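A.B. asks: What follows is a predicted structure for the sequence shown.
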Amino acid sequence: MIELLSDPWLFITIAVGLFMAWAIGANDAANSMSTAVGAGAITPKQAVIIAGVLEFTGAYLFGKSVTETVRKGIIDASQISDPNVIVYGSIAALLAASLWLLFASKFGLPVSTTHSIIGGIVGYGIVYAGTSIVNWGKMAQVIASWILSPIFGAIVAFVVIKLVSKTILQQKDPIESAKKWAPVWIGLAFVVIGSMFYIKVMHGKSLFIAVSRYGLAAGVGAFLVSFALLRKNVKATDPYWGVEAIFRKVQVLTSAYVALSHGANDVANAIGPVAAVYAVATMGLAGMKVPVPRWILAMGGLGIAVGVATYGYKVMETVGKKITELTNTRGFSIDFSAATVVLVASSLGLPISTTHTVVGAVIGVGLARGVKAINKDIVKDIVISWFVTVPVAAIIAGIVFKILMIVG
Amino acid sequence: MQVWTKLFAKSPFKPLIKHAEVVLEAVGTLEKALGAWERGEYEKMREYARRVDDLEDFADRIKEEIRDSLSSKLFMPVNRGDILGYLEMQDKIADAAENTAKWLLVRDPNNIPEDIKDEVRTLIMTMSQESIKAAKLVYEAIVQMDRVIESGFGEREIEREYAIIKEIESVEHKIDELDTRFMEIIFKNSAKMEWGLGMYLLNIAKTISNISDKAKDAAERIRLMMNK
């Protein structure tokens, strides 16, 4: 840690990385919690606490794979002979992504942090060595995952809301059915979390062991606990109101699930470039081959948590007030589906966009006739942002990189 | 990047229910006007009739607002055209009530022949009570439509909605029969009446029966919403 302060460029990179993490926490993380706040499941204050703790946990425990991809997957580091390029490039990419993010936030454009940072990295890479430095195969994979993630989000959410509807809402006694089925969903979320824990934290290899031992154990445990907690009688004159009341409680958990998966996925956007700079600063170009140290992940997680606490509160408060149309069963379906897709994808090392997965999930619920009104315009904006974000971030990063190369 | 505030648009169903409430109040006020008419309290009748007019204006304004908010850019669980069509019909219920109110304001019902006076009055009052029933059912139907969506288009809720629609249809049928009987009475006794009185009474009956006609049309639209 001491060498940190001795190298001013590393210090600057960390500062910019923290700024990016802060921006992610302030906007993106807050946004991913908004469905729960909007549906009245949690207050903005509770959301800040949940997001702060779980974004950090997700980033620290599950954040590694994606960070690796962002750090060394997109451009071919072996073509870079000057360590300064990695330093300037990473700063340029982070700055470009943060600036674009801030600009987009100001104008309410739904851009993805993941797309921004990847655009930034590609941008400085091209300015340095031309298009050949970009690992186009990897890039194609990443772009495919961007297109697939909202589609998966939509499919999973469609199935989830249909199942919730069939097993609970359409039953003779929806409240009793909710008490039985809600714990099943909580259990399922924990199967995913437990399996990820085994693979990511304990470095297990076998998916079978992950699911059968850790996943199932966590799932059954969560099922039993939530089953016991939800047994309490719900006083409700309207059965749907009663079901929503139960899912309001369940949503506290699923929003934590969202925060966890968001932390796991999006910490990489801030920390990938920082890790790259740290590696070359401490070990030279050979350092690109060693894994990301945990404390850098922790730092990214902390940055996100601070972002949520300082600015995210405001975002959630305004957003929460505005989406009052979302009921808890719908909010739950969106949260559960998006978090599952994001967590599974990020454990595969795919840097997918949380924002777009959640939007996909919203559309999935809409296709199942679950949401009363969705703005088609925004969906169009989001698709456009796919095409705009990457080139814009790339251009800004390219310019910043050029300047740094001249000045530095 | 506040995607969420923009992604979720306002549900059109809450304002639709609000509109239905106003329509129901308009029909309810008309019933009061007719009650005053029956008792011969014409001052009071005029007061109520004017209030029907105001409520119809209010309903119109809500209708405009809903129409403006229902842009073609919304993605909804029911067809936008069906919602707009429904709104139109629901609004016409208030229009029909206003038309009756207009006829009430035209003149007082003097000189109804003594031998049919009672029957004319009872028929009008029954029709009026049935129309308010129809308006109430329309209100229930749109509230139930909201529940149908909430339940994820569950069979049970759809069935309940069909039951309400059937009831609206049977009320309409009943009023139709009453209207026919009313016409027969008026024409049978036309020799005993001045033409103006006959026209006045027939139009009151016609406009009242129009209320349930429109209620039936609105119910028909709800049927379409569920069939998407």
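C.D. replies: Received, thanks. It should be emphasised that the depicted structure is a prediction, and the values quoted were computed from it without experimental measurement. Numbering: from 1, shown residues only, chains lettered A, B, ... in the order given.

A.B. asks: wait, isn't A:Val201 in contact with A:Gly58?
C.D. replies: No - applying C-beta atoms under 8 Å as the test, A:Val201 and A:Gly58 come out as separate, 11.4 Å apart. C-betas here are computed from N, CA, C, even on glycine.

A.B. asks: between the two, who's got more neighbours?
C.D. replies: Legend: neighbour count by other C-beta atoms under 10 Å in any protein chain shown for A:Val201 and A:Gly58, higher for A:Gly58 (34 against 13).

A.B. asks: check which helix or strand covers the more buried one.
C.D. replies: Take DSSP states H and E as the rule and A:Gly58 turns out to sit in helix A:44-62.

A.B. asks: before we move on, what about B:Met145?
C.D. replies: helix B:114-150.

A.B. asks: returning to that earlier point: so which bits of the helix holding A:Gly58 are buried?
C.D. replies: A:44, A:46-48, A:50-62 (16 or more other C-beta atoms under 10 Å in any protein chain shown).

A.B. asks: right, is it up against chain B?
C.D. replies: No - Helix A:44-62 does not reach chain B (C-beta under 8 Å from any C-beta of the partner chain); its nearest approach is 12.8 Å.

A.B. asks: burial of A:Ile399, as a residue count?
C.D. replies: 16.

A.B. asks: Starting from chain B, give me the distance back to it.
C.D. replies: A:Ile399 is 23 Å from chain B, where distance means C-beta to the nearest C-beta, to the nearest Å.

A.B. asks: Local confidence estimate at the residue nearest to the spatial centre of chain A?
C.D. replies: Chain A has A:His262 as the residue nearest its centroid, 2.7 Å off, counting by C-alpha atoms, centre = their mean. In this model, A:His262 is scored at 87, pLDDT.

A.B. asks: next SSE after the one helix or strand in chain B whose mean pLDDT sits lowest?
C.D. replies: None of the helices or strands of chain B scores lower by mean pLDDT, DSSP states H and E than helix B:3-7, at a mean of 69. Next helix or strand after helix B:3-7 toward the C-terminus (DSSP H and E): helix B:13-39.

A.B. asks: Show me what the next helix or strand along the chain from that next one is packed up against.
C.D. replies: Scanning forward in sequence from helix B:13-39 by DSSP H and E, the next helix or strand is helix B:42-69. Secondary-structure packing of helix B:42-69 (3 or more C-beta pairs under 8 Å, 6 or more residues apart in numbering or on different chains; DSSP states H and E): helix B:13-39, helix B:80-106.

A.B. asks: For chain A, tell me whether the first one is touching it.
C.D. replies: Yes - Helix B:13-39 is in contact with chain A by C-beta under 8 Å from any C-beta, via B:Phe13.

A.B. asks: returning to that earlier point: now the helix holding A:Gly58: how far from the chain's centre is it?
C.D. replies: 11 Å (C-alpha atoms, centre = their mean, to the nearest Å).

A.B. asks: counting contacts, what elements does that helix pack onto?
C.D. replies: helix A:30-38, helix A:239-283, helix A:294-307, helix A:313-322, helix A:328-347.

A.B. asks: same thing but at 6 Å, please
C.D. replies: Using 3 or more C-beta pairs under 6 Å, 6 or more residues apart in numbering or on different chains; DSSP states H and E as the contact test, the elements touching helix A:44-62 are helix A:30-38, helix A:239-283, helix A:294-307, helix A:313-322.

A.B. asks: which residues of the chain score low on pLDDT?
C.D. replies: Using chain A here. A:1-6, A:64-72, A:108, A:110, A:233-236, A:285-290, A:319-324 (pLDDT under 70).

A.B. asks: not quite, I wanted chain B
C.D. replies: B:1-5, B:228.

A.B. asks: residue in it nearest to chain A?
C.D. replies: With C-beta to the nearest C-beta as the measure, B:Gly152 is the residue of chain B nearest to chain A, at 2.9 Å.

A.B. asks: For the residue nearest the centre of chain B, list the residues it contacts.
C.D. replies: Closest to where the C-alpha atoms of chain B average out (C-alpha atoms, centre = their mean) is B:Ile93, at 3.1 Å. Applying C-beta atoms under 6 Å, 6 or more residues apart in numbering or on different chains to B:Ile93 gives the contacts B:Val23, B:Ala135, B:Ile211, B:Lys214, B:Ala215.

A.B. asks: Am I right that the last one is in contact with B:Ser170?
C.D. replies: In other words, B:Ala215. No - B:Ala215 lies out of contact with B:Ser170 (C-beta atoms under 6 Å); the separation is 11.4 Å.

A.B. asks: Look at these two and report which has more neighbours.
C.D. replies: B:Ala215 (31 against 13).

A.B. asks: Now the more buried one. Nearest residue, chain neighbours left out?
C.D. replies: Spatial nearest neighbour of B:Ala215, excluding adjacent residues (C-beta to C-beta, 6 or more residues apart in numbering or on different chains): B:Ala134 at 3.9 Å.

A.B. asks: Outside of the one helix or strand A:Ile91 maps to itself, list whatever touches it.
C.D. replies: Secondary structure assignment for A:Ile91, by DSSP H and E: helix A:83-106. Residues from elsewhere that reach helix A:83-106, judged by C-beta under 6 Å, 6+ apart: A:9, A:13, A:16-17, A:19-20, A:23, A:27, A:111, A:116-117, A:120-121, A:124, A:128, A:273, A:276-277, A:280, A:285, A:392-393, A:396-397, A:400-401, A:404-405, A:408, B:1.

A.B. asks: thinking the residue nearest to the centre of chain A is in contact with A:Ser353, fair?
C.D. replies: No - A:His262 lies out of contact with A:Ser353 (C-beta under 6 Å); the separation is 10.7 Å.

A.B. asks: sorry, back to before: around the residue nearest to B:Ala215, count how many other residues there are.
C.D. replies: Neighbourhood size, B:Ala134 [other C-beta under 10 Å]: 28.

A.B. asks: now A:Phe107
C.D. replies: Residues near A:Phe107, counting by other C-beta under 10 Å, number 8.

A.B. asks: That one and A:Asp381, how far apart?
C.D. replies: Relative to A:Asp381, A:Phe107 is positioned 11 Å away (C-beta to C-beta, to the nearest Å).

A.B. asks: coming back round to it: pull out the buried members of the contacts of helix A:83-106.
C.D. replies: Buried members of the contacts of helix A:83-106, counted by 16+ other C-beta under 10 Å: A:9, A:13, A:16-17, A:19-20, A:23, A:27, A:111, A:116-117, A:120-121, A:124, A:128, A:273, A:276-277, A:280, A:285, A:392-393, A:396-397, A:400-401, A:404-405, B:1.

A.B. asks: Tell me how many other residues crowd the closest residue in space to B:Arg80 that isn't next to it in sequence.
C.D. replies: Closest residue to B:Arg80 apart from its sequence neighbours, by C-beta to C-beta, 6+ apart: B:Leu70 at 5.9 Å. By other C-beta under 10 Å, the residues close to B:Leu70 number 21.

A.B. asks: Kindly report the same for A:Pro391.
C.D. replies: Residues contacting A:Pro391 under the criterion other C-beta under 10 Å number 12.

A.B. asks: In three-state terms, label it for me.
C.D. replies: helix (DSSP: H, G, I helix; E, B strand; the rest coil).

A.B. asks: Same question for A:Val225.
C.D. replies: helix.

A.B. asks: now it: how far from A:Phe190?
C.D. replies: Taken as C-beta to C-beta, the span from A:Val225 to A:Phe190 is 10 Å.
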